[in-house]
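>>> Test case, fold it:
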Amino acid sequence: MNNLFRRFFLALSFLTTLPFSSLITKQETKAPEDIDADLSKSSTFFPLIGFLLGAILFIFNKFLEYTDILPQLSTGLTLVLWVLLSGGLHLEGLADMVDGFSGGTNKDEILRIMKDGSVGAKGAISLILTLLLKYLLLYSLTGDIKGKALLLSPVLGRWAMVLMGYFGKPASSSNTLTRMFVQYLEKKELLIATFFAVCPVLFILPVRFIPPGSLLWFIIGVLVAFLLVFSNKKIGGICGDIIGAANELAELAVLFFFLLILR
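Numbers count the residues shown, from 1 in each chain. The predicted model follows:
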């Protein structure tokens with residue numbers, strides 16, 4: 001039971017900026033191999049953490065709906081909170097991935113660019129376009145549909161990260177964090193994480209929306225498969241930036257889906 005709580009708070013600390021997320025992890029001292037295993041197995045809770053983030057966004061958006069704030073501003077404030085809750089971690093991964101794949105001509109160059117702390121022009125453009133798309137998609141959604149999109153986008157985004165970790169392999173042996181994440185991620189963790197990703201969709205969507213809503217899992221699966229194939233071709237595996245980018249792209253895919261299919 002202690003391990004379950006520790007892994008939950010480890011996932012919370014890893015994926016969010018919530019201030020109480022490290023209460024348990026700071027109190028325990030473990031062997032390095034146990035820490036590696038805990039990081040991999042904490043992925044079980046990734047979709048659950050996504051649901052927690054989505055619930056915060058949902059409540060915040062509902063609060064703004066009862067104020068006199070213009071819809072344009074309330075959408076912008078919701079997006080700002082979305083970014084703040086994750087610390088921009090996955091957006092940074094997306095920017096680094098774009099910089100690496102667009103600027104490197106071979107594996108070593110691509111990985112070097114991704115490890116560079118600075119953001120290039122193309123990475124910055126990808127950030128701007130991603131945030132602009134999120135804003136426009138959120139603004140285009142209204143009422144209950146917008147609330148459901150806010151709840152489910154972070155869930156399926158974090159599920160995409162678990163899929164990347166389970167089916168992917170580290171592109172470099174020096175990529176310690178990625179190796180730690182994928183090393184002990186087994187079928188059990190994947191199945192439980194998938195359970196946590198499926199349940200919110202079934203419970204949140206109205207019955208009439210469940211058949212088309214089930215396409216969400218297929219869409220996320222195709223997106224992850226494309227990233228894995230493309231990344232394997234370019235650098236022979238994945239790294240943390242690509243896992244983070246998968247989250248951002250999956251969140252965008254969910255918002256597009258709600259706009260085009262369920263609106």
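>>> so Leu202 touches Ile210, yeah?
Yes: using C-beta atoms under 8 Å, Leu202 is in contact with Ile210, at 6.4 Å. Bear in mind the C-beta positions are built from the backbone N, C-alpha and C, glycine included.
>>> helix/strand/coil for Ile69?
coil (DSSP: H, G, I helix; E, B strand; the rest coil).
>>> Pop out the phi and psi values for it.
When read as degrees, to the nearest 10, the backbone of Ile69 gives phi -70, psi 140.
>>> pLDDT below threshold where in the stretch 1-150 of the chain?
With pLDDT under 70 as the threshold, the stretch 1-150 of the chain has low-confidence stretches at 1-2, 20-36.
>>> Try it again at 50.
In the predicted model, the stretch 1-150 of the chain carries pLDDT under 50 at residues 25, 31-32.
>>> now do the stretch 151-263 of the chain
Residues of the stretch 151-263 of the chain that meet the cut-off, pLDDT under 50, do not exist.
>>> if you set the cut-off to 80 instead, what comes out?
Within the stretch 151-263 of the chain, the segments meeting pLDDT under 80 span 172-184, 206-214, 262-263.
>>> show me where it has helices.
Assigned by DSSP state H, counting those that start in this stretch, the helices in the stretch 151-263 of the chain fall at 176-183, 187-204, 210-213, 215-235, 240-257.
>>> Buried residues, the fourth one. List them.
Read it as helix 215-235. Neighbour counts using 16 or more other C-beta atoms under 10 Å place 216-217, 219-220, 223-224, 227-228, 231, 234-235 of helix 215-235 among the buried residues.
>>> Between helix 187-204 and it, find me the angle.
Angle of helix 215-235 versus helix 187-204, following axes from the mean of the first three to the mean of the last three C-alpha atoms, to 10 degrees, is 140 degrees.
>>> One more: the first one?
For helix 176-183 against helix 187-204, the angle by the same axes, to 10 degrees is 80 degrees.
>>> Need the contact partners of helix 176-183.
Under the contact criterion C-beta atoms under 8 Å, 6 or more residues apart in numbering, helix 176-183 has outside partners 35-37, 39-40, 43, 165-166, 168-171, 173, 238-240, 243.
>>> In PyMOL, select just the buried ones from these.
To isolate the buried subset of the contacts of helix 176-183 in PyMOL, counting by 16+ other C-beta under 10 Å, use the following:
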select buried, resi 36+37+39+40+43+165+166+168+170+171+238+239+240+243
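>>> thinking again about what came up before, show me the one of the helices of the stretch 151-263 of the chain that comes nearest Gly104.
In terms of C-beta to C-beta, the element of the helices of the stretch 151-263 of the chain nearest to Gly104 is helix 215-235, at 8.1 Å.
>>> relative to helix 240-257, how tilted is the closest one?
Helix 215-235 runs at 150 degrees relative to helix 240-257, counting by the same axes, to 10 degrees.
>>> who does helix 215-235 touch, helix- and strand-wise?
helix 107-115, helix 143-167, helix 187-204, helix 240-257 (3 or more C-beta pairs under 8 Å, 6 or more residues apart in numbering; DSSP states H and E).
>>> can you give me the offset of that helix from its chain's centre?
The chain centre lies 14 Å from the centre of helix 215-235; the measure is C-alpha atoms, centre = their mean, to the nearest Å.
>>> Distance to Leu57 for the helices of the stretch 151-263 of the chain - can I get that in a markdown table?
As requested, the helices of the stretch 151-263 of the chain are exported to a markdown table (distance: least, C-beta to C-beta, whole Å):
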| stretch | distance to Leu57 |
| --- | --- |
| helix 176-183 | 25 |
| helix 187-204 | 13 |
| helix 210-213 | 19 |
| helix 215-235 | 18 |
| helix 240-257 | 11 |
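>>> wait, which of the ones you listed is closest to Asn3?
Across the helices of the stretch 151-263 of the chain, Asn3 has its closest neighbour in helix 187-204 (12.8 Å, C-beta to C-beta).
>>> Sort out which residues of the closest one are buried, please.
189-190, 192-194, 196-198, 200-201, 204.
>>> Show residues contacting that helix.
40-41, 43-48, 51, 54, 148, 151-152, 155-156, 158-159, 162-163, 166, 210, 213-214, 216-217.
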